[in-house]
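>>> Okay, structure incoming, though there's no sequence with it:
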């Protein structure tokens, strides 16, 4: 599904990594590993087309992502470490807006169910500006429960600020996505048990 060839990333005047090659097949769960500062988040942004590599190519289903950007973005869900919320909107409104913006309009009842599943039922109608950082993070994660049909999930530290039960439920949802034939590429510092075999790609081996 996803193919990366000879990827290099430049930040300012520093080359973070070079010669990164990676393939991700249907049903795979891949963890990008490495110490802080090695470029894990930068790699995820390159994989989903939010940044341009210094060198190398990212292909989706055999096609360079810059040549079919709109089609690719409909088939990828990227959740960064920071929640991108409108502070004046409620979690429910933010969730519906995000889904519609990315071409996946969603019924109100499904949004409510996703918020309840991630532990935000009581905060459904509060303005996002009063939410804690952990609660803001969960609003973004609720999108995963609305994205069964999006084949590629790229997730930056998805388990941060979740309690034990929420970690287990999210891990099971990632397993279910892979079982449906989707693929997950993620970073995490937590030791999370998965039913799906976890493949670890150590970015430190390509660090400059």
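Yes, it's here. Keep in mind that what you see is a predicted model, and the values were worked out from it rather than measured.
>>> what does the lengthiest helix in the chain rub up against?
Using DSSP state H, we find that the single longest helix of the chain is helix 164-179. Identification of contacts with helix 164-179 by CB atoms under 8 Å, 6 or more residues apart in numbering yields 27-29, 117-119, 138, 141, 144-145, 148, 153, 158-159, 162, 184, 186, 190, 192-196. For every residue, glycine as well, the C-beta is placed using N, CA and C.
>>> Could you do stretch 82-100 as well?
Counting by CB under 8 Å, 6+ apart, 105-106, 108, 111-112, 114-115, 120, 123-129, 131, 133, 135-137, 139-140, 142-143, 146 sit against stretch 82-100.
>>> Narrow those to those in helices?
108, 111-112, 114-115, 133, 135-137, 139-140.
>>> which of those residues are buried?
By neighbour count, with 16 or more other CB atoms under 10 Å, the ones in helices among the contacts of stretch 82-100 hold 111-112, 114-115, 135-137, 139-140 as buried.
>>> Assign the residue nearest the centre of the chain to helix, strand or coil.
Nearest to the geometric centre of the chain sits residue 155, at 2.3 Å (CA atoms, centre = their mean). Counting by DSSP: H, G, I helix; E, B strand; the rest coil, the backbone at residue 155 sits in strand.
>>> begin at 18 from here
Got it, first residue is 18 now, which makes that one residue 172.
>>> what's across from the residue lying closest to it once chain neighbours are set aside in the sheet?
Once flanking residues are discounted, residue 172 sits nearest to residue 203: 4.1 Å by CB to CB, 6 or more residues apart in numbering. Bridge pairing for residue 203 (DSSP bridges) gives the partners residue 48, residue 172.
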